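my questions are about this predicted structure, shown below with the sequence.
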Amino acid sequence: MKQHELFIYNSLSKKKEKFTPIHKDAVGMYVCGPTVYSNVHLGNCRTFLSFDLVFRYLKHLGYKVRYVRNITDAGHLENDGESGDDPILKKARIEQLEPMEVVQKYTVDFHTIMAKFNALPPSIEPTATGHIYEQIHIVEKIIEEGLAYEKNGSVYFDVLKFNETNNYGKLSGRQIEDMIANTRELAAQTDKKNPQDFALWKKAEPQHIMRWPSPWGMGFPGWHLECTAMSTKYLGNNFDIHGGGMDLKFPHHECEIAQAEACNHTSPVNYWMHANMLTLNGKKMSKSTRNFILPMDMFTGDNDILSKPFSPTVTKFFMYQAHYRSILDFSSEALEASEKGFNRLMDAHRMLNEITISEKSTLDIKSWVKACYDAMNDDFNSPILIAHLFEAVKFVNSLKEEKETISAEDLELLKQTIDDFLFDVLGLEDNVSENSQDGEKLTAAVELLIQLRNTARANKDFAMSDKIRDELASKGIQLKDGKDGTTFSLN
RNA sequence: GGCAUCGUGGCCGAGUGGCUAGGCUCAGCUCUGCAAAAGCUGCUACAGCGGUUCGAAUCCGCUCGAUGCCUCCA
């Protein structure tokens, strides 16, 4: 276990708190996953990448982490009252597919995209449909506690009654009185006692294909229930970290707290973490408003928003240049700026293998390493970490030019730390895959051209040397003349 | 309407009582056959108005503007 004090911003207390896991060396973390009725868009991805960083850093610190992220495949109530519909079912009708066929298709898409982003798979990825029994059991317990009631085959959580002994609204900072005062008039009639109540179990209408038997008849689970069922099943009634997008804070996470407290009499989560939204044109990316971009369309460049394609790793790097709790706006200019910085970072990383060592170091490497950890320990501040990595880039470039020096021991430490943060913690990937066979072939070919060009230059055949250089540049291969010869990078 | 968050230099984005991000862009210099790359130098910002303080981008109040949630949403 690395001896560093980690601080996490807890949405519940609205403060940064020292992180102390329930069990000394193990961490339980639950993150609300995607609803698989359509392709994940880039905004969805930001949240999962934010928590991939958390997962990776906790593991890097030496914790044994059980990371549970659900797949919502059961569909939920879309609207209140009679207009209620299940998005998965809806999609199934449109595409003439079995509901589980839709689920399968978009689950595969989700996994493909996350793999392209080099996000680690969670330890457990449970599905809502696989935990119907557990969900029914929780409903029964809440009814036993007297905090839920059945009406016409549906079961609702009694928020007002719960609030008599508990605090409903503590996560989102809402007062129940305000909520009552601001209740909108609903045209549709409802079985709820109060508008604040939410469904735990919903009766299935005849046309509703996704349905399961329950003590209250054929139906399906309410939309907050699966997370309570699956988080407590795999992590216990009280666990360390619960994450999700900011937009889930209310009502979803508020309801999760209520459900868990109602049936387990304990606060379910010690640290609530919320990742902020990715915006496009200053507005939240959202399927329903059609303001979004699909990851695949940005990797291929097949979109009207960006000037060029961007790789998954550059996209991720761009996201990590902003803090996870800040809103991040998405634009071609910002992406291009990140891409250039990213390439410089990777060039410097490759250059680390060509450094000559000296007796002494002209930079205090240990302090620099500490600064990197300090950044991450301050609520996973990746932008600060990246700023420090760029300081290292400057230093490495100067080493290459022999304007600075480094000892063998410090070089080892520098290399190790850069590797750790770049690849283990940030989970970035070098686009010039030097390990792959194709990469080796490319390197061999370009190096031959570099030799030919240098021969031409020696013979003052600048027409030829410039032709080689410019033709390669136009293909995205940039030659760089340095003190000890020529290297290249891909743009 | 209610609850919350935010407004930082040409752009993107950290910071959150005194030192001072970082990336991209731009200008000059060094290097170079010329470039590019790299390095060096330069560009000093915190929406507005009050207040607290020896001192505020940072705390408090108000104003303006934006966003999120209150309905499915990461």
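On my side now, so go ahead.

whichever residue of chain A sits closest to RNA strand B - nearest residue in space that isn't next to it in sequence?
Residue nearest to RNA strand B within chain A: residue A:245 (1.6 Å; CB to the nearest atom of the strand). C-betas here are computed from N, CA, C, even on glycine. Of all residues not flanking residue A:245 in the chain, residue A:47 sits nearest, at 4.5 Å (CB to CB, 6 or more residues apart in numbering).

where's the helix or strand encompassing that neighbour relative to the chain centroid, distance-wise?
Assessed by DSSP states H and E, residue A:47 sits inside helix A:42-60. Centre-to-centre, helix A:42-60 and its host chain are 4 Å apart (CA atoms, centre = their mean, to the nearest Å).

relative to helix A:42-60, how tilted is the very next helix or strand once past that helix?
From helix A:42-60 onward toward the C-terminus, using DSSP H and E, the following helix or strand is strand A:64-69. Inter-element angle recorded for strand A:64-69 and helix A:42-60: 160 degrees (by axes from the mean of the first three to the mean of the last three CA atoms, to 10 degrees).

run through who's touching strand A:64-69.
By CB atoms under 8 Å, 6 or more residues apart in numbering, the residues outside strand A:64-69 that reach it are A:25-33, A:48, A:51, A:55, A:58-59, A:120, A:122-126, A:230-231, A:234-235.

lowest-confidence helix or strand of chain A?
Using mean pLDDT, DSSP states H and E, helix A:87-95 stands out as the lowest-scoring helix or strand of chain A, at a mean of 75.

which stretches of chain A have low pLDDT?
A:1-3, A:75-85, A:95, A:183-189, A:432-436 (pLDDT under 70).

again, only using 50
A:1, A:77-83, A:187 (pLDDT under 50).

identify the single longest helix in it, thanks.
Secondary structure of chain A read by DSSP state H shows that its longest helix is helix A:437-458.

which strands or helices does the helix or strand immediately after that helix in the chain pack on?
Using DSSP H and E, the next helix or strand after helix A:437-458 towards the C-terminus is helix A:462-474. Judged by 3 or more CB pairs under 8 Å, 6 or more residues apart in numbering; DSSP states H and E, helix A:462-474 is in contact with helix A:437-458, strand A:477-482.

so the first one, near RNA strand B or not?
Looking back up the chat, that one is helix A:437-458. Yes. Contact of helix A:437-458 with RNA strand B is found when judged by CB under 7 Å from any atom of the strand, involving residue A:457.

hang on, residue A:227 packs against residue A:32?
Yes. Here residue A:227 reaches residue A:32: they are 6.0 Å apart, a contact under CB atoms under 8 Å.

of those two, which one has the most company?
Neighbour totals were compared for residue A:227 and residue A:32, and residue A:227 leads with 29 against 22 (other CB atoms under 10 Å).

for that one, phi and psi?
Torsion angles at residue A:227 (phi, psi; degrees, to the nearest 10) stand at phi -70, psi -40.

what sits against it?
A:30, A:32, A:70, A:252, A:256.

just give me the neighbour total for the closest residue to residue A:119 other than its chain neighbours.
Take residue A:119 and drop its neighbours on the chain: the residue closest to it by CB to CB, 6+ apart is residue A:52, 4.2 Å away. A count of nearby residues for residue A:52, using other CB under 10 Å, gives 24.

contacting residues for residue A:52?
For residue A:52, the contacting residues are A:117, A:119-120, A:427, by CB under 8 Å, 6+ apart.

inside strands: which ones of the residues you listed?
In strands, defined here by DSSP state E, there are no members of the contacts of residue A:52.

of these, buried ones?
Applying 16 or more other CB atoms under 10 Å to the contacts of residue A:52, the neighbour count classes A:117, A:119, A:427 as buried.

closest one to residue A:137 out of the residues you listed, please.
Taking CB to CB as the measure, residue A:137 sits nearest to residue A:119 out of these, at 31.8 Å.

which parts of the stretch 351-491 of chain A sit against RNA strand B?
Within the stretch 351-491 of chain A, the positions adjacent to RNA strand B are A:378, A:381, A:383-384, A:386-387, A:390-391, A:393-394, A:397-398, A:400-401, A:403, A:457, A:462, A:465-466, A:469, A:478-482 by CB under 7 Å from any atom of the strand.

mark which of these are buried, thanks.
A:378, A:381, A:384, A:386, A:393, A:397, A:400, A:457, A:465, A:469, A:479.

tell me the contacts of the fifth one?
With contacts taken as CB under 8 Å, 6+ apart, residue A:393 has the following neighbours: A:344-345, A:348.

excluding sequence neighbours, find me the nearest residue to it.
residue A:348 (4.1 Å).

my read: the one you found touches residue A:391, true?
No. The criterion here is CB under 8 Å, and residue A:348 misses it with residue A:391 at 10.6 Å.

so in terms of bridging, what pairs with the residue of chain A closest to RNA strand B?
Here residue A:245 sits in beta bridges with residue A:275, going by DSSP bridges.

in contact with it, which residues?
A:32, A:44, A:47, A:274-275, A:277.

how about residue A:219?
Counted by CB under 8 Å, 6+ apart, residue A:219 has contacts A:153-154, A:201-204, A:211-212.

one step back: now the contacts of residue A:245 in CSV, with distance to residue A:357?
Shown next, in CSV, are those (distance: CB to CB, whole Å):
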residue, distance to residue A:357
A:32, 49
A:44, 46
A:47, 43
A:274, 46
A:275, 42
A:277, 47
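
of these, buried ones?
A:32, A:44, A:47, A:274-275, A:277.

ok, and which of the residues you listed reach RNA strand B?
By CB under 7 Å from any atom of the strand, the members of these lying near RNA strand B are A:32, A:44, A:47, A:275, A:277.
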